[in-house]
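[1] here is the input, now give the coordinates:
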Amino acid sequence: MLDFIFKFYRKTNHRYFSKDKFFVERLNELIGFTPSRVHIFKVAFFHKSTLNNQTITESDGLLQSNERLEFLGDALLSFVVGEYLFKKYPQANEGFLTKMRSKIVKRKMLNYIAEQMGLDHLMMEFNQTAISQSMLGNALEALIGAIYMEQGFEYTKEYILKNIIRKFVDINRLEMYDDNYKSQLLEWCQKHTKEIDFRIINKYKTDKRDRFKVGVFIDNVEIASAEDFNKKSAEQVAAEIALSIVLQKSESLD
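    Numbering: from 1, shown residues only. Okay, the predicted model is just below:
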């Protein structure tokens with residue numbers, strides 16, 4: 001009983017009297033409740049590259065950046081999506097389910113969902129650095145981790161299903177859509193007996209983060225290149241460009 005009263009007091013104070021009341025108000029609209037431990041949700045939006053490391057004063061055993069919460073949220077999201085697909089497609093094989101889950105939890109999709117949810121605005125409140133697309137997906141996973149820490153598994157599961165999958169994911173479209181350009185390019189090269197290689201052309205720091213420039217080489221000739229903070233994302237963008245180029249060349253020869 002005392003624990004309930006204490007939590008109620010903390011929630012009321014956070015929402016109406018604390019210096020964080022405007023953040024808490026926006027957070028309430030986003031997650032559907034007022035948290036008793038607001039600092040955990042601050043951590044969720046706090047990227048390791050930021051210069052503003054004075055924002056969060058309570059750690060509660062967590063690191064100052066959102067990486068640990070991101071790890072937790074990633075595991076929760078993967079499980080909930082996996083269970084959702086398992087029940088939705090009772091006759092589907094493991095390969096299909098794996099591909100569908102990958103399409104939903106991949107970085108590009110999570111970045112899009114996080115942007116639609118307005119997480120970029122919350123991140124700008126706690127970070128004095130440019131908010132990149134890849135940071136948004138990480139923050140979404142961290143937010144899921146924070147919700148779990150505050151409300152437990154059942155609430156988190158329902159939140160993922162209602163506010164992420166059903167709201168932002170077009171399952172029927174994903175069934176027909178293949179955006180794994182690296183895989184498509186590898187298949188094309190195999191079909192045409194071409195040697196393909198993805199190479200890191202350059203790696204440098206920007207906003208205290210590693211940025212990768214990846215090149216696609218077919219038969220030792222550079223076909224395309226792309227940059228991103230995430231190596232795999234750079235490979236996908238470079239593969240998309242390269243695939244477009246080789247397909248256009250193939251059509252012109254036919």
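[2] which parts of the protein are strands?
    Under the criterion DSSP state E, the chain carries strands at the ranges 196-206, 209-218, 221-228.
[3] output those as TSV; include the columns distance to Leu243, mean pLDDT and mean neighbour count.
    Every residue, glycine included, has its C-beta placed from N, CA and C. Converted to TSV, the strands of the chain look like this (distance: least, C-beta to C-beta, whole Å; pLDDT from 0 to 100; neighbours: other C-beta atoms under 10 Å):
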stretch	distance to Leu243	mean pLDDT	mean neighbour count
strand 196-206	11	91	13
strand 209-218	9	91	19
strand 221-228	9	93	17
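[4] out of these, the one nearest Ser78 is which?
    strand 221-228 (21.9 Å; C-beta to C-beta).
[5] could you list the low-pLDDT ranges of the stretch 101-250 of the chain?
    Low-confidence segments of the stretch 101-250 of the chain (pLDDT under 70): 125-132, 207.
[6] cutoff 90 now
    Judged by pLDDT under 90, the stretch 101-250 of the chain has its weakly predicted residues at 102, 106-108, 118-136, 138, 172-181, 183-184, 204-211, 228-234, 236, 248-250.
[7] quick one: residues contacting the residue nearest the centre of the chain.
    With distances taken as C-alpha atoms, centre = their mean, Gly137 lies nearest the centre of the chain, 2.3 Å away. Contact partners of Gly137, counting by C-beta atoms under 8 Å, 6 or more residues apart in numbering, are 107-111, 113-114.
[8] I'd like to know which of the strands of the chain lies nearest to Lys21.
    Across these, closest to Lys21 is strand 209-218 (C-beta to C-beta), at 31.7 Å.
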